[in-house]
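Visitor: need coordinates for the below:
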Amino acid sequence: MNYQIGFPASSSHHRSWAVHSAQSGSTSQAFQGHWSALPASSPSPIPNTPLLHPVSLPHPNAASHQSPMSYQHSSTSHSSFIVLHSLLSHGPNLRFNITRDLAHVQLRPGCPPTMLQELAVQPPVSHMIITITELSAWTIEVVNPRGVTVNNVLAMIREMFNRSVASHEMQRSSRVVNAAVDSFRARSRADPREHAQGVKRVDFLGPKVFFSGLARARDGTDSWEIHFAQNV
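Guide: Next comes the predicted model:
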């Protein structure tokens, strides 16, 4: 499977991400609905290889947009029946390198930009806690009194991981710190401005800088676990 990045024919300055199959030049199967229910024990399977195109993200405080086909209604608001938006679930519906600005987020065909304004979970919540398995000392808190949206979640992931690390946060094992410093050097080598900001939280992820989805916390709480991959 090869990934090809090229410039779209339109006047947009964003880059498009095209995935080509060795067996077929056809696009992947049509997108089947916007929401996917996640069981507490395991993430959703990864669908067939998609084609992704760039989109412009809405402002984080934009009002949520609810399209008629975006929800699978449940009869209760109990946490076991919460449904996660498909853009945030495991699967290549979204390509998000957390080291880059949100303007570089790309969606697969069939996912209109308005999906980013939709509610992150259904039934809606005003507060989400996201834990990081690899970095248990840090959590991501997303708040929106009108209902947390997909865009709210992506914006907070980007913001939290791009904070410079405080001195006390470097008090970890020498192996972990050395790996983070190596990641920092590789990431900032060609950018003096990044180098001047020092080690960031994202450097503790090593090469796994692509968001690969949320999953229900395994401890039975209403929190979510975030996962990363080296590529998507």
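Visitor: hang on, isn't residue 180 packed against residue 198?
Guide: No - between residue 180 and residue 198 there is no contact under CB atoms under 8 Å: 10.7 Å. Every residue, glycine included, has its C-beta placed from N, CA and C.
Visitor: and the helices in this structure?
Guide: With helices called from DSSP state H, the chain shows them at 150-161, 174-188, 192-196.
Visitor: do a quick rundown of the strands in this protein.
Guide: Under the criterion DSSP state E, the chain contains strands at 2-6, 16-20, 35-36, 53-54, 83-85, 94-95, 106-107, 121-122, 127-132, 139-143, 210-216, 224-229.
Visitor: turn the ones you listed into CSV, including distance to residue 165 and mean neighbour count.
Guide: Below are the strands of the chain laid out as CSV (distance: least, CB to CB, whole Å; neighbours: other CB atoms under 10 Å):
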stretch, distance to residue 165, mean neighbour count
strand 2-6, 30, 10
strand 16-20, 30, 17
strand 35-36, 34, 22
strand 53-54, 30, 20
strand 83-85, 29, 23
strand 94-95, 26, 24
strand 106-107, 28, 22
strand 121-122, 30, 22
strand 127-132, 14, 17
strand 139-143, 16, 15
strand 210-216, 20, 23
strand 224-229, 17, 19
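Visitor: need those in JSON lines (columns: mean pLDDT and distance to residue 151).
Guide: Converted to JSON lines, those look like this (pLDDT from 0 to 100; distance: least, CB to CB, whole Å):
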{"stretch": "strand 2-6", "mean pLDDT": "31", "distance to residue 151": "23"}
{"stretch": "strand 16-20", "mean pLDDT": "34", "distance to residue 151": "19"}
{"stretch": "strand 35-36", "mean pLDDT": "34", "distance to residue 151": "16"}
{"stretch": "strand 53-54", "mean pLDDT": "50", "distance to residue 151": "15"}
{"stretch": "strand 83-85", "mean pLDDT": "94", "distance to residue 151": "11"}
{"stretch": "strand 94-95", "mean pLDDT": "93", "distance to residue 151": "11"}
{"stretch": "strand 106-107", "mean pLDDT": "94", "distance to residue 151": "12"}
{"stretch": "strand 121-122", "mean pLDDT": "96", "distance to residue 151": "14"}
{"stretch": "strand 127-132", "mean pLDDT": "96", "distance to residue 151": "13"}
{"stretch": "strand 139-143", "mean pLDDT": "97", "distance to residue 151": "10"}
{"stretch": "strand 210-216", "mean pLDDT": "95", "distance to residue 151": "13"}
{"stretch": "strand 224-229", "mean pLDDT": "94", "distance to residue 151": "16"}
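Visitor: rewinding a little: winner for burial among the helices of the chain?
Guide: Greatest average neighbour count among these goes to helix 150-161 (a mean of 22), per mean count of other CB atoms under 10 Å.
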